[in-house]
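Novice: missing the sequence, but the structure's below:
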């Protein structure tokens, strides 16, 4: 175990505790600001996520966006591989996917241009601490080689942290949307 591995584990533990506290006291309408931002990108293919555990829930904003263009959710293919995104609709049938996240019963893959990214913690510069599998980092790197891809972190305010242990392979967020604010970052 490296020092960085231990530092990241400690940062995740603290961030999970903050996220759980925010989740337990959340108010209705946490996806309102996300909906407002996505309204400016109507019709652009996007991916959200089906929330697990104490993640902030983007489904209301995803449902609204689905009236204007394709919306997908991530599907894990295998460890060490990038994510694929399968078309999702609010009325579509879902099945259990890896790590407890629901995925569409029928795969219909496409490449989104906007990714709503779940996270454990974020910083004021667009850094993101995820679960540690590197799925979003690999995926964003691959998509960004093909075309501009907007990565929007979606989180509770309480998930902001200082001094995140980041690595050169960590893909930055372009924006973070919380229940109360929108942060944008320049590349």
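Specialist: Thanks, I have it. These figures come from a predicted structure and were not determined experimentally.
Novice: use CA for all of it now, contacts and neighbours both
Specialist: Noted.
Novice: now do the buried residues in stretch 60-77.
Specialist: Judged by neighbour count using 16 or more other C-alpha atoms under 10 Å, the buried positions of stretch 60-77 are 60-66, 70-76.
Novice: which one of the residues you listed is nearest residue 35?
Specialist: Distances from residue 35 to these, taken as C-alpha to C-alpha, are shortest for residue 61 (4.7 Å).
Novice: wait, residue 95 touches residue 88, no?
Specialist: No. Counting by C-alpha atoms under 8 Å, residue 95 sits too far from residue 88 to count as a contact (11.7 Å).
Novice: what's the overlap in contacts for the two?
Specialist: Shared contacts of residue 95 and residue 88, defined by C-alpha atoms under 8 Å, 6 or more residues apart in numbering, are found at residue 104.
Novice: please say which of the two ends up with more neighbours.
Specialist: Using other C-alpha atoms under 10 Å, the more surrounded residue of residue 95 and residue 88 is residue 88, with 27 against 11.
Novice: residue 64 belongs to a helix?
Specialist: Yes. Counting by DSSP: H, G, I helix; E, B strand; the rest coil, residue 64 is located in a helix.
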